[in-house]
Each structure stands twice: as structure tokens, then as C-alpha cells.
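K.L.:
any chance you could fold what I've pasted below:
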Amino acid sequence: MASIHKEIAIHASAENVWAVVRDIGAVHKRFVPGLVTDVRLEEEARVVTFANGMVVRELIVDIDDEGRLSIGRQEYLGWTPRQGSQGLSMNAEVVQ
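P.N.:
Coordinates of the predicted model:
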């Protein structure tokens with residue numbers, strides 16, 4: 001399975017950054033407000049609604065607090081363009 005790795009410098013402690021990333025039900029409030037408009041938790045998954053109307057179900061595979069690692073798998077659920085959404089494009093793999 002392919003993986004994406006990206007490093008960026010963040011002017012915050014590792015503990016504070018992990019607290020935000022680890023809070024999987026508040027992505028729309030703490031991590032990417034504006035890009036994500038809603039998050040709904042389900043058993044072993046979260047349903048994420050993006051500002052452009054796209055909805056993705058992310059299966060929570062693992063959350064490793066010691067290694068500060070969150071692993072998930074996305075399932076594209078659909079897209080309804082929202083009035084006024086512009087310039088936001090996302091790619092999602094359809095998982096069956």
C-alpha cells in the first residue's frame with residue numbers, strides 16, 4: 001500500500017501538535033477549520049465533510065500515542081458541490 005510522508009516545521013511542542021492531530025473528532029474545529037466543515041464519529045471510523053461538499057469515510061486503522069502516529073484508510077462517499085465553493089480539489093481513492 002502506498003504511503004505519503006511530508007515534513008513541515010511547526011512552531012509548537014510535539015505534545016501540543018499531537019493533541020490536535022489525535023483529536024480525530026474535532027478536525028473541523030482544531031486542525032483544518034474551513035477546509036473540513038463537519039466530522040461525525042462512527043464505530044472504528046469518522047465521516048469527514050469537506051468545504052466543497054465531498055464526503056469521505058476514514059476507517060481508523062490505528063492510533064499510536066507513544067509513536068504519535070495515526071493511520072487510516074479513506075473511502076469516498078460522494079460529492080455535492082456547495083454554492084460558493086471554489087478552487088478546492090481533492091483526490092480520493094474509492095475503496096470497495
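
K.L.:
and E58, backbone torsions?
P.N.:
Dihedral pair for E58: phi -110, psi 120, per degrees, to the nearest 10.

K.L.:
what is the burial count for it?
P.N.:
For E58, the number of neighbouring residues by other Cβ atoms under 10 Å comes to 18. From N, CA and C alone the C-beta is placed, and that goes for glycine too.

K.L.:
and V56, by the same measure?
P.N.:
20.

K.L.:
same deal with A51?
P.N.:
Residues lying near A51 (other Cβ under 10 Å) number 19.

K.L.:
now it. Its backbone dihedrals?
P.N.:
Dihedral angles (degrees, to the nearest 10) for A51: phi -60, psi -30.

K.L.:
cool, V39 as well?
P.N.:
phi -140, psi 130.

K.L.:
now N52
P.N.:
Dihedral pair for N52: phi -90, psi 0, per degrees, to the nearest 10.

K.L.:
same check on V56?
P.N.:
phi -130, psi 130.
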